[in-house]
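Engineer: No letters, just coordinates:
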């Protein structure tokens, strides 16, 4: 079968690899329908390895680079192990790609996304969504409800990141918020904030195409190229927002995110970073602000899909291009790095 295999930064190859088969009692074999290119994938392609195990095999997957990429995906179940009960062949499923300790078809840790062994199917070995077939544990597949497409299924993973960020924040219904960066995750954070009852949502973005998309979702958008974003947020909000979300991974933006909140406000860091970023601790201490980070999600896929049924996290608003697997480098990764009008590119193996 064909798959996109990561060898090193800027070296992603579409090549023939062996088709995987069922091995464990709780294994599920999936024929991949759609797989999105994630910001984390871009970080690995541009400057990795970050999550990709390069020298030592991942303790759960048992693999190291070269590995098959792709972790935002959906597909059709084609085969199951003898003890699988959650899904059956023919079911359409959204994949929860977290690699963490599991037993008998379940994650063993309550907060499995915080496991010291954390990895991701499609980043840490074991297969991935940029392939025709892949095999996962039963605990990693969620049946897609009627009425949601395979494309929506591929968006459950990034939407889960956004919804988890809101649920882990201190935001309450009626609060104000700001989102720095309106790529796919940032746009989904805006949608999650709407679902959570934020009264006013500001967004900071430089791409004209993404500015329009954030505006279409109801955010008040500020372009930091044309005005001081922090000053404008304080002016419009009357002193700063309750909660700000950093979704760019750009060091300078970290300080903007922190300073956009009022005294006692909170900054939530959603990005995965390629390099260090600094801030003045007194900006936390003297203003009694809080800064926290989130990683991935846990116990949230069913809630995401319920919100999707209500119209949130719509692929019609997020997907800007659809390509085949053979084009994943030129019309996928390279295009996303060079063209900031792109938001979410869906790959169909």
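Structural biologist: Now that the structure is in, tell me what you want to look at. This structure is a prediction, so every number in the text was calculated from the model and none was measured. Numbering: from 1, shown residues only.

Engineer: Every contact and neighbour count from this point should use C-alpha atoms.
Structural biologist: Will do.

Engineer: if I look at residue 47, how far off is residue 70?
Structural biologist: 16 Å (CA to CA, to the nearest Å).

Engineer: Between the two, which has more neighbouring residues?
Structural biologist: Shown here are residue 47 and residue 70; by other CA atoms under 10 Å, residue 70 has more neighbours (27 against 13).

Engineer: Let me know the pLDDT of the more buried one.
Structural biologist: Model confidence at residue 70, given as pLDDT, is 98.

Engineer: show me what contacts it?
Structural biologist: The contact partners of residue 70, by CA atoms under 8 Å, 6 or more residues apart in numbering, come to 35-37, 41, 121-123, 128-130.

Engineer: Please give the element, helix or strand, for it.
Structural biologist: Secondary structure assignment for residue 70, by DSSP states H and E: no helix or strand.

Engineer: Quick check: closest non-adjacent residue to residue 118.
Structural biologist: Once flanking residues are discounted, residue 118 sits nearest to residue 100: 5.3 Å by CA to CA, 6 or more residues apart in numbering.

Engineer: give me the beta-bridge partners of residue 102?
Structural biologist: Beta-bridge partners for residue 102, by DSSP bridges, are residue 107.

Engineer: Isn't it up against residue 108?
Structural biologist: Yes. Residue 102 sits in contact with residue 108 when judged by CA atoms under 8 Å, with a separation of 5.0 Å.

Engineer: who's more crowded, these two?
Structural biologist: Using other CA under 10 Å as the criterion, residue 102 and residue 108 rank with residue 102 on top: 16 against 13.

Engineer: Is residue 212 in a helix, a strand, or coil?
Structural biologist: helix (DSSP: H, G, I helix; E, B strand; the rest coil).

Engineer: Tell me which stretches of the stretch 51-200 of the chain form helices.
Structural biologist: In the stretch 51-200 of the chain, the segments counted as helices under DSSP state H, counting those that start in this stretch are 150-154, 156-168, 184-196.

Engineer: how about these in a markdown table, adding mean pLDDT and distance to residue 64?
Structural biologist: Formatted as a markdown table, the helices of the stretch 51-200 of the chain follow (pLDDT from 0 to 100; distance: least, CA to CA, whole Å):
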| stretch | mean pLDDT | distance to residue 64 |
| --- | --- | --- |
| helix 150-154 | 98 | 25 |
| helix 156-168 | 98 | 23 |
| helix 184-196 | 97 | 27 |
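
Engineer: Can I get those helices in TSV including mean neighbour count and distance to residue 314?
Structural biologist: Shown next, in TSV, are these (neighbours: other CA atoms under 10 Å; distance: least, CA to CA, whole Å):
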stretch	mean neighbour count	distance to residue 314
helix 150-154	24	7
helix 156-168	24	10
helix 184-196	25	9
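
Engineer: for those, which one sits closest to residue 268?
Structural biologist: helix 156-168 (7.4 Å; CA to CA).

Engineer: Can you list the neighbours in contact with that closest one?
Structural biologist: Helix 156-168 is contacted from outside by 38, 71-73, 94-96, 184-186, 188-189, 192-193, 196, 268, 270, 294-298, 300-301, 304-305, 313, using CA under 8 Å, 6+ apart.

Engineer: run the last query once more with 6 Å
Structural biologist: For helix 156-168, the surrounding residues in contact (CA atoms under 6 Å, 6 or more residues apart in numbering) are 72, 188-189, 192, 296-297.

Engineer: picking up where we left off before, give me the neighbour count for the residue nearest to residue 118.
Structural biologist: Applying other CA under 10 Å, we find 22 residues neighbouring residue 100.

Engineer: State the distance from it to residue 65.
Structural biologist: Taken as CA to CA, the span from residue 100 to residue 65 is 19 Å.

Engineer: And the pLDDT for the residue sitting furthest away from the middle of the chain?
Structural biologist: Residue farthest from the centre of the chain, counting by CA atoms, centre = their mean, is residue 286 at 33.0 Å. Per-residue pLDDT puts residue 286 at 97.

Engineer: how near is it to residue 341?
Structural biologist: Per CA to CA, residue 286 is found 39 Å from residue 341.

Engineer: repeat for residue 126
Structural biologist: Applying CA to CA to residue 126 and residue 341 gives a distance of 32 Å.

Engineer: So between the two, which is more surrounded?
Structural biologist: Counted by other CA under 10 Å, residue 126 and residue 341 do not tie: residue 126 has more neighbours, with 22 against 17.
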